[in-house]
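Undergrad: next comes the sequence, and after it the predicted model I'd like to discuss.
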Amino acid sequence: VTGIVGAAGSGRSSLVRTLVTGLGDLATPVHAYVVGGGGALTPLALLPWVGAVVADDDRVRLRRLLDLLCSQIRRRTEELTHRGLTALTEWQLATPDEAPPTLLLVVDGWDAIAEPTGGLGADLDAMVLADDLRTVIETGGAAGLRTVLAGGRSLLLGRGARLCTETVVLGRLDPTDAILAGLPGRDTSLPPPPPGRGVRRSDGATLQVAHLGVEPSGAAQSVVVAACARAALDAAPGSRQARPFPVGQLPERVQISDLPPGSPFVVGLDRDGMPCGFDPAVDGRRLLVAGPRRSGRTSVLLTIAQRCAAVGRPVVLVSGQRQVPAAAVAGLEAVWVIGPQDHEALVGRRRAHPDLVVLVDDADQLVGSPVEPALVELLGLLDRDDGVLVATVEPHGLARLVRGVAVEVASRRTGILLAPTGRADGDWLGVRVPGVLGPIRPGRGHLVARGVVHDVQVAVPTGSEVRGDPAGTAGRADQSPLGADRSPLQAAQSPLRAAR
């Protein structure tokens with residue numbers, strides 16, 4: 001384990017770029033994984049020997065990387081034991097053609113990632129990830145894991161310093177850091193050293209880090225990284241041999257047209273780009289969609305409604321207080337939008353179509369409404385009649401309830417958890433997942449079925465960008481929006497009464 005200590009502008013990122021890019025020139029293969037860097041290291045993902053560049057705030061992807069590294073370390077350790085060896089280097093010397101490649105883990109920003117602040121209000125998710133990261137580093141050496149940690153003062157003392165077998169200090173040291181590093185302080189009367197100039201802690205030797213290309217700027221070095229990646233791929237076109245295992249990343253946006261035809265309950269794509277959803281016959285016929293405001297709860301319902309319409313499955317959408325975009329359901333056959341007062345319409349439509357798909361928006365706000373008893377009764381008939389009920393809730397609103405359709409659906413522990421703000425948000429589904437950092441990305445979350453968690457990006461329904469149309473203005477979705485002489489309730493009921 002090598003520690004790189006330096007402040008901003010000291011050449012820390014340049015060192016990482018030079019190190020990782022140069023791995024392609026080694027005689028023995030090395031697979032690299034980079035964490036952090038604040039976006040400066042993102043171009044490294046183009047290199048064929050780099051499995052992933054994980055942003056320091058992407059906790060889900062960091063967890064996936066740590067789990068994959070743990071799995072690799074475990075399998076390699078078992079194979080070493082079977083062969084009577086103690087380290088990967090012995091395996092590579094004995095049978096180099098059979099030995100797996102060395103693994104390199106680079107963490108840029110160690111202080112923020114692996115040294116979270118404890119005490120009152122501590123971020124437990126960050127602390128668990130930090131502990132698991134240290135465990136991977138401490139246990140992976142014999143299995144061929146090499147680690148470079150780049151950060152600040154925390155790598156000169158405490159747990160970070162104990163991990164490092166060698167440390168390079170870049171830039172000018174202040175007196176305190178010099179004492180911690182056991183190195184002489186720099187004369188502050190002298191001009192600051194150039195980026196990349198540093199001191200090796202073990203022997204005090206001065207060194208200069210090389211940067212990629214002619215220009216030292218980050219943008220110029222990124223261009224060199226991209227050129228090296230193209231050259232490496234051109235040298236072995238189409239080859240997938242000895243590639244590092246990927247650490248999948250959810251797509252930024254999924255259109256409903258990106259989903260395969262078939263089951264209407266396939267609602268998005270997972271980190272490997274595979275369709276993700278639930279099977280009512282296997283996972284249950286009650287689905288909870290939980291998330292804060294603007295996390296994409298209603299979009300999940302509209303995606304299901306549009307996919308049901310595509311296969312001719314009848315749908316009733318029970319709209320709560322929030323507005324449903326009329327354009328998202330306009331023109332759809334056998335899709336009706338009703339309000340919380342319209343229990344007769346729900347009962348009549350259910351009698352006409354026993355296998356009805358019922359989508360309930362803001363189910364936590366329906367307690368005491370006329371439609372809620374009909375929804376609760378319908379829940380008991382789903383298994384008999386092959387129906388499905390999907391209910392959206394706001395986690396804090398659900399926590400205040402002790403009865404009702406939302407509580408009944410949540411008790412089955414199947415659903416989609418969108419943009420969790422903390423580990424407790426998944427309690428209703430029986431899972432613990434890390435909370436999101438930064439702004440909420442609509443439709444991004446976790447699908448939970450039979451205790452298994454799948455990361456998912458839910459597809460954006462067609463027409464969902466439309467805002468300002470009253471919920472239920474579509475009435476029956478295959479009709480035009482309401483004229484001035486018809487209320488939303490009348491529009492929702494009129495097709496039903498005509499049928500009855």
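TA: Done, it's in.
Undergrad: helix, strand, or coil at residue 287?
TA: strand (DSSP: H, G, I helix; E, B strand; the rest coil).
Undergrad: repeat that for residue 453.
TA: State at residue 453, reduced to three classes by three-state DSSP: strand.
Undergrad: that one contacts residue 446, correct?
TA: Yes: Residue 453 lies in contact with residue 446 (Cβ atoms under 8 Å); the separation is 5.1 Å. Yep, even glycine has a C-beta here, placed from its N, CA and C like the rest.
Undergrad: tell me which helix or strand in the protein has the weakest average pLDDT.
TA: Each helix and strand of the chain was given a mean pLDDT (mean pLDDT, DSSP states H and E); the minimum falls on helix 488-499 at a mean of 34.
Undergrad: more crowded one of residue 453 and residue 446?
TA: Using other Cβ atoms under 10 Å as the criterion, residue 453 and residue 446 rank with residue 446 on top: 21 against 18.
Undergrad: pretty sure the more buried one is in a helix, no?
TA: No: going by three-state DSSP, the assignment for residue 446 is strand, not a helix.
Undergrad: my guess is it meets residue 419, correct?
TA: No: Residue 446 lies out of contact with residue 419 (Cβ under 8 Å); the separation is 9.9 Å.
Undergrad: who's in contact with the longest helix along the chain?
TA: Counting by DSSP state H, the longest helix found in the chain is helix 59-83. Here helix 59-83 makes contact (Cβ atoms under 8 Å, 6 or more residues apart in numbering) with 33, 35, 52, 54-56, 86-88, 90-91, 94, 100, 103, 105, 113, 125-126, 129, 132-133, 136, 139-140, 142-145, 245, 247-249, 271, 433-437, 455.
Undergrad: which among these count as buried?
TA: In the contacts of helix 59-83, burial by neighbour count holds for 33, 35, 52, 54-56, 88, 91, 100, 103, 105, 113, 125-126, 129, 132-133, 136, 140, 142-145, 247-249, 271, 433-436, 455, counting by 16 or more other Cβ atoms under 10 Å.
Undergrad: residue 333 touches residue 311, doesn't it?
TA: No: contact criterion Cβ under 8 Å: residue 333 and residue 311 do not qualify, at 10.6 Å.
Undergrad: and these two? Which one has more around it.
TA: Using other Cβ under 10 Å, the more surrounded residue of residue 333 and residue 311 is residue 333, with 14 against 10.
Undergrad: that one: what secondary structure?
TA: Following three-state DSSP, we place residue 333 in the coil state.
Undergrad: for residue 97, same thing?
TA: Of the three states, residue 97 takes coil under three-state DSSP.
Undergrad: okay, and which of the contacts of helix 59-83 map to strands?
TA: In this view, those that belong to strands under DSSP state E are 33, 35, 52, 54, 103, 105, 145, 455.
Undergrad: test my guess that the fourth one contacts residue 35.
TA: Yes: because the distance of 4.8 Å satisfies Cβ under 8 Å, residue 54 is recorded as touching residue 35.
Undergrad: tell me which two of the ones in strands among the contacts of helix 59-83 sit farthest apart.
TA: By the measure Cβ to Cβ, 145 and 455 form the most distant pair in the ones in strands among the contacts of helix 59-83, at 24.5 Å.
Undergrad: what would the ones in strands among the contacts of helix 59-83 look like in JSON lines with distance to residue 410 and pLDDT?
TA: Output for the ones in strands among the contacts of helix 59-83, formatted as JSON lines (distance: Cβ to Cβ, whole Å; pLDDT from 0 to 100):
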{"residue": "33", "distance to residue 410": "37", "pLDDT": "96"}
{"residue": "35", "distance to residue 410": "35", "pLDDT": "94"}
{"residue": "52", "distance to residue 410": "34", "pLDDT": "92"}
{"residue": "54", "distance to residue 410": "32", "pLDDT": "92"}
{"residue": "103", "distance to residue 410": "41", "pLDDT": "96"}
{"residue": "105", "distance to residue 410": "39", "pLDDT": "96"}
{"residue": "145", "distance to residue 410": "41", "pLDDT": "96"}
{"residue": "455", "distance to residue 410": "21", "pLDDT": "89"}
